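no FASTA, just this:
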């Protein structure tokens with residue numbers, strides 16, 4: 001089952017070789033997302049940042 005129905009099978013299987021062009025391709029993939037998909041992505045990124053910040057805080061306290 002295709003988790004991204006707007007993507008064709010060839011788009012799902014495209015892998016950039018090396019790092020050249022990776023940033024541009026990532027920006028293009030994100031630009032194709034609908035607004036609800038972009039909001040979901042942003043919420044997940046925010047959750048991850050909060051989780052990493054909390055883990056860093058716990059680590060800093062344990063080092064004292």
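Thanks, I have the structure now. Owing to the predicted nature of the structure, the values given are computational and were not obtained by experimental measurement.

tell me where the protein has helices.
9-12, 22-31, 35-62 (DSSP state H).

starting at the chain centroid, how far to the longest one?
The one in question is helix 35-62. Distance of helix 35-62 from its chain centroid, counting by Cα atoms, centre = their mean, to the nearest Å, is 12 Å.

and that helix with helix 22-31, angle?
With axes from the mean of the first three to the mean of the last three Cα atoms, to 10 degrees applied, the angle from helix 35-62 to helix 22-31 works out at 120 degrees.

what is the rounded mean pLDDT of helix 35-62?
Averaging pLDDT along helix 35-62 gives 94.

for residue 18, give its distance to residue 31.
22 Å (Cβ to Cβ, to the nearest Å). Heads up, the C-betas are built off the backbone N, CA and C, glycines and all.

need the helices of the chain in TSV with mean neighbour count, can you?
Listed next are the helices of the chain as TSV, based on neighbours: other Cβ atoms under 10 Å:
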stretch	mean neighbour count
helix 9-12	10
helix 22-31	11
helix 35-62	10
